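Trainee: I would like the atomic coordinates for the input below:
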Amino acid sequence: MNEKYDYDVVIVGAGPAGSICARYLAEKGVKVLVVEKRQEIGAPKRCGEGIVVESLEGFNFDPNANWITNKIHGFSIYSPNRKRVSMSWNEPKGWIVERKIFEKYLAVDAINAGARYMVKTRAIEIMKEGEKIYGVKVENMGDKFEIRSKIVIAADGVDSKIAKSAGINTVNKLSDYHSGFQYEMAGVKNCDSKQIHIYVGNTVAPKGYIWIFPKGERVANVGIVILAKESSDKRRAKDYLDKFIETHSEIFEGASPIEINAGGVPVSGAVETFVHDNFMIIGDAAQLVNPIHGGGIVLAMNSGNIAAEVASEALKEGNTSKEKLYRYEKIWRETIGVKMQKLLQIRMVIEKLSDDDFNLLGDILSGEDVTKLIGGKYKFVLNMLVKNPKAMLLLNKFM
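Mentor: Numbers count the residues shown, from 1 in each chain. Sure thing, here's the model as predicted:
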């Protein structure tokens, strides 16, 4: 170790959580460094790149045509018997973004606010004196050195190595992970490009779903998440997706992949704890991902925002203990976390449904009902089911 840097905060990971956190810290006058193991921020992507427009309110940046590839005016959900439930809006309520550009945009904002970045820099492990965390050891293109800081923030994604190095267990049971696989495809046709398209059913995607997120005319992210251990014939997520593409030739005939992405998706709602003395976990590293659809971009940004607020106050007071930093976790669990727990309960119910159940729901649910269900308003849906004679057999799965 032949070099040292001194910062108030070191953030490991330059995804949406890390960059938003860095920007807000820098705006508050905090000396912050972001280290990123990738040589290019934003690549490879590991998501369908969909964002709800309303959820970005409050982050103080304007929509940018460089990273918005498509504006979404509705959704369609298809049951196993191909019954379609749709919802449309006059104004766009969603965007499909080019995440490689979007993440760089967030990083540029953070740097312009005063944060420093180091790419192609791998965080090796936490530095400790006894139980006190005081920085990270990193490697940058063959050079190893120490970076000292008053707070370390882990934003290094699913199964965070830095969180484990700090002594926090981020591993969940297998049933709280989904296996994801996605093609970005060109040549897609006969698919409304102003809507996102979701396909459900155990024959299509066991305990998961398939999506088509149009990125413009004839280009779309086409992906799948499944609970892999539920596949009786041991088929992979890719196998199910390939079968879907094969059996939907009206959409995919003549289409080809231009990019492939794969990875695990945590759907537990959160890890057991987000903080330690001088240490915080944000974004996917804390498994702050929507338990139903696996989306995490804006949740990650929200966690980075809250963490920055709490960290800056702790630094100002000269108290970066676990007790002080716990305010970040408390705020999350009492606000966004409440909704995530409701969605986790809904996810547990959805995973009990058979294809016949999905077909029945396709007959009785409207697009508005689905919107309320995904929004965590499950009591409304329960009341609606009670009033529908066809749905009485489903109630024991919801109770």
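Trainee: average model confidence for the helix or strand where Leu360 lies?
Mentor: In this structure, Leu360 sits in helix 355-364 according to DSSP states H and E. Mean per-residue pLDDT for helix 355-364: 85.
Trainee: and that helix, C-alpha only, in PDB?
Mentor: Provided in PDB are the C-alpha atoms of helix 355-364 (Å, rounded to 0.1, in the frame of the first residue of the first chain):
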ATOM      1  CA  ASP A 355     -52.300 -20.800 -14.600                       C
ATOM      2  CA  ASP A 356     -56.100 -21.300 -14.200                       C
ATOM      3  CA  ASP A 357     -56.000 -18.700 -11.400                       C
ATOM      4  CA  PHE A 358     -54.200 -16.300 -13.700                       C
ATOM      5  CA  ASN A 359     -56.800 -16.900 -16.500                       C
ATOM      6  CA  LEU A 360     -59.600 -16.200 -14.000                       C
ATOM      7  CA  LEU A 361     -58.000 -13.000 -12.800                       C
ATOM      8  CA  GLY A 362     -57.600 -12.000 -16.500                       C
ATOM      9  CA  ASP A 363     -61.400 -12.400 -16.800                       C
ATOM     10  CA  ILE A 364     -62.300 -10.300 -13.800                       C
END
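Trainee: so how far is that helix off the chain centroid?
Mentor: 28 Å (CA atoms, centre = their mean, to the nearest Å).
Trainee: just after it, pick out the following helix or strand.
Mentor: Immediately after helix 355-364, counting by DSSP H and E, sits helix 367-374.
Trainee: circling back: now the helix holding Leu360 against helix 367-374, angle please.
Mentor: Counting by axes from the mean of the first three to the mean of the last three CA atoms, to 10 degrees, helix 355-364 lies at 130 degrees to helix 367-374.
Trainee: what helices and strands are in contact with helix 355-364?
Mentor: Here helix 355-364 touches no other helix or strand, going by 3 or more CB pairs under 8 Å, 6 or more residues apart in numbering; DSSP states H and E. Just so you know, the C-beta spots here come from the backbone N, C-alpha and C atoms, and that holds for glycine as well.
Trainee: give me the buried positions along that helix.
Mentor: Across helix 355-364, burial judged by 16 or more other CB atoms under 10 Å covers Asp357, Phe358, Asn359, Leu360, Leu361, Gly362, Ile364.
Trainee: let me have those in CSV, extended by distance to Thr170.
Mentor: Converted to CSV, the buried residues of helix 355-364 look like this (distance: CB to CB, whole Å):
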residue, distance to Thr170
Asp357, 33
Phe358, 32
Asn359, 38
Leu360, 38
Leu361, 34
Gly362, 37
Ile364, 39
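Trainee: now, which of the residues you listed sits nearest Pro214?
Mentor: Taking CB to CB as the measure, Pro214 sits nearest to Gly362 out of the buried residues of helix 355-364, at 21.9 Å.
Trainee: could you measure from the closest residue to that closest one other than its chain neighbours over to Gly130?
Mentor: Once flanking residues are discounted, Gly362 sits nearest to Ser79: 3.3 Å by CB to CB, 6 or more residues apart in numbering. From Ser79 across to Gly130, the span is 57 Å (CB to CB, to the nearest Å).
Trainee: compare these two (neighbour count), which wins?
Mentor: Ser79 (22 against 5; other CB atoms under 10 Å).
Trainee: report pLDDT for Lys390.
Mentor: We have a pLDDT of 62 for Lys390.
Trainee: what of the one 4 residues further on?
Mentor: As predicted, Leu394 sits at a pLDDT of 62.
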